[in-house]
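Asker: show me how the following folds:
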Amino acid sequence: MTKFNTTGFLIISLMALAPVVEAGCSCSGGTWDPSAFLNSELGTGQTGSAQNSAAENSGSGTQKPFDRVASFANGAIIKSMKSVSSSDVVMDVSNTDSYSASHIKNAIHIPSKDFLNSVGSLKTDEELAKVLGDAGVTKDDSIVLYAGKESSGEAEFAFLVLSFLGQKEVRLLDGSLADWKAAGLPEEVSENKKPGVDYKPEVKPEVIAEYEYVKSGQAQIIDVRPFVEFGKGRIPGSIALDPSNVIKGDKIKNGADLSTVFSRLDKEKPIVVYSDDYSRSAIVWYAMQLMGYEASIYTWEDWKAHEAAQVQAGTAPAPTAGAAIDSKYTKLGMT
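Answerer: Purely as a prediction, here's the structure:
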């Protein structure tokens, strides 16, 4: 899946185009306790995203440690590193070869790209269930997801898929593999396999939005494609949001920052997040889940296909230049 980053030059260039309303072996030290997995506090060594949380605690030496999980309205879907236990099924969903180089001890590997078909569309319910069943995942497992790089969107996409299939317990690890290693927590390089099972999904259709619902105007529509694509054409009434706006360092922003990013949205009205890349849309969708928004996900490809079909059937006028672009739009700003 495509990773994203936005340069200052690109933003300045795009802003000039149109007016915008702001909006086998264990590599770790210490003793491995299979009954507890992680019972102790994190080690003092912190790098990468772990430093971001520590930085927010600067000030008085008597200040209470910052609780990231508690900062979210729906903190039940995120898992602190120190709370991972041996009863959890840890799943590395990286699409790179990082798993073979090193991974969390006992973690299994299901690349998030395995949830997509050859043309990049989401596989059918049955195909998705087979991917999980072949990996030995059951509906009753407590799943903890992580990717080699936290802000890649890979883990968020896997969370989306498991939520769609009705997984009872699924959370994202609040930390990267680098953070895990820095804390001196157990890692290994040997591949872990579980016996295959028959995964029986209980599909939640509300997770994936459909064309008629998107077009009905019932939901706020968030476009998370690159802004240059947003400028070329979009679903009418869309709000632009760069996924980097929900990231700080290499982590999802804390609840207070996400509240600022989403402050122009109506929390009483449902939201549809769409893109042409599941990694982009899932990372914003997941951030909204953390903040308690009622959000679903959609694809730009599905919108274009339905609009083209209606034109071909003669039920809609052929589009003219700029027809997909409404005259006014909002862009959610950065914190």
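
Asker: low-confidence bits of the chain, can you list those?
Answerer: 1-63, 315-335 (pLDDT under 70).

Asker: and it, split by domain according to the record?
Answerer: Following automatic domain parsing, the chain resolves into domains at 76-203, 208-331.

Asker: need those domains in a markdown table with distance to Asp67 and mean neighbour count, can you?
Answerer: (Glycine included, C-beta is placed from N, CA and C.) Below are the domains of the chain laid out as a markdown table (distance: least, Cβ to Cβ, whole Å; neighbours: other Cβ atoms under 10 Å):
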| stretch | distance to Asp67 | mean neighbour count |
| --- | --- | --- |
| domain 76-203 | 9 | 19 |
| domain 208-331 | 10 | 18 |
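
Asker: now those as TSV including distance to Pro65?
Answerer: Below are the domains of the chain laid out as TSV (distance: least, Cβ to Cβ, whole Å):
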stretch	distance to Pro65
domain 76-203	11
domain 208-331	13
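
Asker: so Lys253 sits against Pro243, correct?
Answerer: No - Lys253 is beyond contact range of Pro243, at 11.3 Å (criterion: Cβ atoms under 8 Å).

Asker: residue ranges of the helices in the stretch 101-250 of the chain, please?
Answerer: Taking DSSP state H, counting those that start in this stretch to define them, one finds helices in the stretch 101-250 of the chain at 125-134, 154-164, 177-182, 211-215, 227-232.

Asker: which stretch among those helices comes nearest Lys79?
Answerer: Counting by Cβ to Cβ, Lys79 lies closest to helix 154-164 out of the helices of the stretch 101-250 of the chain; the figure is 11.0 Å.

Asker: show me what the closest one is packed up against.
Answerer: helix 125-134, strand 142-146, strand 169-174, helix 278-290 (3 or more Cβ pairs under 8 Å, 6 or more residues apart in numbering; DSSP states H and E).

Asker: can I get those in CSV with distance to Trp180?
Answerer: Output for those, formatted as CSV (distance: least, Cβ to Cβ, whole Å):
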stretch, distance to Trp180
helix 125-134, 23
strand 142-146, 8
strand 169-174, 8
helix 278-290, 20
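
Asker: tell me which of the ones you listed sits nearest to Ser100.
Answerer: Nearest to Ser100, of these and by Cβ to Cβ, is strand 142-146 at 15.5 Å.

Asker: report the angle between that closest one and helix 125-134.
Answerer: 90 degrees (axes from the mean of the first three to the mean of the last three Cα atoms, to 10 degrees).

Asker: strand partners (parallel or antiparallel) of strand 142-146?
Answerer: strand 88-92 (parallel), strand 169-174 (parallel) (DSSP bridges).

Asker: and that strand with helix 154-164, angle?
Answerer: 150 degrees.

Asker: select, out of the helices and strands packed on helix 154-164, the one closest to Ile271.
Answerer: So among the helices and strands packed on helix 154-164, helix 278-290 is nearest, using Cβ to Cβ, at 6.2 Å.

Asker: tell me what that closest one is packed against?
Answerer: Using 3+ Cβ pairs under 8 Å, 6+ apart, helix 278-290 sits against helix 154-164, strand 251-252, helix 255-261, strand 271-275, strand 295-299.

Asker: can you rerun that using 7 Å?
Answerer: helix 154-164, strand 271-275, strand 295-299 (3 or more Cβ pairs under 7 Å, 6 or more residues apart in numbering; DSSP states H and E).

Asker: possible to save these as a markdown table with distance to Phe262?
Answerer: Shown next, in a markdown table, are these (distance: least, Cβ to Cβ, whole Å):
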| stretch | distance to Phe262 |
| --- | --- |
| helix 154-164 | 16 |
| strand 271-275 | 9 |
| strand 295-299 | 10 |
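
Asker: among the ones you listed, which is nearest Glu229?
Answerer: That would be, of the helices and strands packed on helix 278-290 and by Cβ to Cβ, strand 271-275, which comes in at 9.0 Å.

Asker: Leu132 versus Phe164, what's the distance?
Answerer: 11 Å (Cβ to Cβ, to the nearest Å).
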